[in-house]
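Enquirer: sequence-free structure coming up:
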């Protein structure tokens, strides 16, 4: 079944790529969107949460701040006279089991320079991350990942997920490997 909101979104993306709006581009965008959705069907992501504007604004602004700070840190690692230290691989146990919130948390963490998502175990809720500068405090990296998850849950999670996060159910100490 064709989801018309997806067709509309892909058509808008098509028009943004072309940089103008003409009848031919609109019709072409709809046709390309339909072909993409028929050839590459996406599974429906169940989302039982709700959108909360203020926590979402906090999530976006903190992500932008983290992006700038981490970019400066990685730039410093590239130009500093000392050689780059050992990198590390860490596993962080997340609280949520929602596929959508797990993926959003993993993507936001991975988009910040210096960390890279290696694996997301959605059954166990474990993020496996590569940390560029393993000499930094890995407990701090873990805390930053969990804080990002908390912001995602606050902005987009269900009431049950927010309550579970506040009580700390489902979380355990993450494994750190190097």
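Expert: Yep, it's here. The shown structure was predicted, so the numbers you read here are calculated from the model rather than taken from an experiment.
Enquirer: list the buried residues of the longest helix along the chain.
Expert: Using DSSP state H, we find that the single longest helix of the chain is helix 53-79. Using 16 or more other CB atoms under 10 Å as the test for burial, helix 53-79 gives 55, 59, 63, 66, 70, 73, 77. Where you see a C-beta, it was placed from the backbone N, CA and C, and this is true even at glycine.
Enquirer: report the lowest-confidence entry in the residues you listed.
Expert: Among these, residue 77 has the lowest pLDDT, at 83.
Enquirer: thinking again about what came up before, after the longest helix of the chain, which helix or strand is next? Please name it.
Expert: strand 88-93 (DSSP states H and E).
Enquirer: which SSE is residue 33 in?
Expert: Going by DSSP H and E, residue 33 is part of helix 23-39.
Enquirer: helices or strands next to that helix in the packing?
Expert: helix 4-18 (3 or more CB pairs under 8 Å, 6 or more residues apart in numbering; DSSP states H and E).
Enquirer: distance between the helix it packs on and the chain's centre?
Expert: Offset of helix 4-18 from its chain centre (CA atoms, centre = their mean, to the nearest Å): 22 Å.
Enquirer: sec struct for residue 118, please.
Expert: strand (DSSP: H, G, I helix; E, B strand; the rest coil).
Enquirer: could I get the contacting residues of the closest residue to it other than its chain neighbours?
Expert: Sequence neighbours aside, residue 128 is the residue nearest to residue 118 in space, at 4.5 Å (criterion: CB to CB, 6 or more residues apart in numbering). By CB atoms under 8 Å, 6 or more residues apart in numbering, residue 128 lies in contact with 89-91, 117-121.
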